[in-house]
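Participant: For reference, the sequence and a predicted model appear below.
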Amino acid sequence: MGRLKLPIIFFILVVLISSCSFESLQNEPEYNPVTLKELHDGFFNEELTPEINNHNKDSIVIVATGHLYPMLNYPLAYKAMIDSIIKQKPDYLFLLGDLVKNNTTSEWDTVLTRFARSGTQIYYSPGNHDLNYHYERWHGSRENQFEAEMLYIDKIGYRYKLLKDKFANYVFMNPNDSLDRFLEYLNKIRPKFDTTKMNIFLSSQCMWHKKSQIPGDNHTWMNKAFTRDEILPEIEDFDYLVHGDWGGKIHTGFWPKSNGRFNVIAVGNRIPGDSLFIARLIVTDNNIDATSIRINPPEESSWYDKDKKW
């Protein structure tokens with residue numbers, strides 16, 4: 001009888017442990033938002049799970065750009081940009097916001113189909129146009145905000161992202177959110193950083209410029225919801241700040257912080273008639289070498305026809 005008791009006791013313990021584990025899983029809240037409040041009360045698994053790329057290269061090539069929706073109606077200029085990206089043979093392509101204007105399914109299908117031809121890994125940071133129906137927000141309405149953001153989730157899969165590789169922690173942020181939510185994500189993701197590597201902060205909007213929303217003014221909704229002075233002290237562990245809402249040429253420089261200075265890089269294309277370019281970033285240990293690659297649309301393109309409406 002003594003020999004039989006041990007297997008029985010072991011079986012009971014296994015059942016109890018399994019039952020407790022199952023109950024624990026059952027009690028774990030599932031993030032499956034169906035309202036705007038629920039959407040802003042949590043984060044998707046893809047946003048909280050770091051993506052890790054293992055490679056043994058001495059350097060990697062990144063192409064970065066943003067604010068591309070003005071190019072949607074200029075397919076020849078768009079094709080020239082994709083061709084230029086392919087020529088750089090990038091390891092990553094960083095698309096930093098405002099890829100669409102009206103956040104429609106057809107616009108997203110056009111953009112994603114065009115960039116699929118690049119043949120590289122693509123990572124995103126959302127701009128104000130990407131997560132909103134701007135024609136509503138301009139008039140102070142958020143009636144369909146949940147549907148607008150969920151369309152972006154459906155097409156891209158995340159609003160925030162942590163990418164890690166041999167050289168850096170790349171953190172793709174959503175500057176459309178409130179400061180509290182912005183910092184909540186950073187607090188959740190920071191423990192997953194590789195602390196021996198540099199931290200690169202990527203967003204559609206500029207963190208070191210003053211521009212921010214003015215409470216009560218609907219027409220400033222497209223700016224970040226917090227000020228430069230509020231956010232910069234909270235991100236001093238970052239070495240580089242990169243944003244995509246720029247135009248005409250690449251910008252590189254520095255911005256002061258209490259323990260030194262941020263390295264800052266701005267990329268993107270603004271309006272027809274501006275010079276078209278992409279940024280080529282060579283990443284090595286503790287350094288990014290950023291250069292501008294000029295794009296020359298074919299003569300048949302009307303990108304430089306300033307009389308044409310867009």
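Facilitator: Great, that's in hand.
Participant: Could you use CA atoms for every contact and neighbour count after this?
Facilitator: Will do.
Participant: Name whatever forms a beta bridge with the closest residue to Lys89 other than its chain neighbours.
Facilitator: Excluding the flanking residues, the one nearest Lys89 by C-alpha to C-alpha, 6 or more residues apart in numbering is Val61, at 7.4 Å. On the basis of DSSP bridges, Val61 is bridged to Ile282.
Participant: right, and Val61 touches Asp91 too?
Facilitator: Yes: counting by C-alpha atoms under 8 Å, Val61 touches Asp91, with 5.4 Å between them.
Participant: Give me the more crowded residue out of the two.
Facilitator: Under the neighbour definition other C-alpha atoms under 10 Å, Val61 and Asp91 were set side by side, and Val61 has more, 18 against 14.
Participant: what's near enough to touch the nearest residue to Ile60 once chain neighbours are set aside?
Facilitator: Nearest non-adjacent residue to Ile60, counting by C-alpha to C-alpha, 6+ apart: Val283, 5.3 Å away. Val283 sits next to Ser59, Ile60, Val61, Ile62, Phe167, Asp289 when contact means C-alpha atoms under 8 Å, 6 or more residues apart in numbering.
Participant: If we use 10 Å, what do you get?
Facilitator: Asp58, Ser59, Ile60, Val61, Ile62, Lys166, Phe167, Ala168, Asp289, Ala290 (C-alpha atoms under 10 Å, 6 or more residues apart in numbering).
Participant: Tell me which residue is most central in this protein.
Facilitator: Nearest to the geometric centre of the chain sits Ser125, at 1.7 Å (C-alpha atoms, centre = their mean).
Participant: Neighbours of the closest residue to that one other than its chain neighbours, how many?
Facilitator: Among residues not flanking Ser125 along the chain, Leu96 sits closest, at 4.8 Å (C-alpha to C-alpha, 6+ apart). Neighbour count of Leu96, defined by other C-alpha under 10 Å: 29.
Participant: For Leu96, give me the pLDDT.
Facilitator: Listed pLDDT for Leu96 reads 97.
Participant: I figured it was touching Ala279, is that so?
Facilitator: No: using C-alpha atoms under 10 Å, Leu96 is not in contact with Ala279, being 11.6 Å away.
Participant: who touches both of these two?
Facilitator: Common neighbours of Leu96 and Ala279 (C-alpha under 10 Å, 6+ apart) are Ala64, Thr65, Gly66, Gly244, Val267, Gly268.
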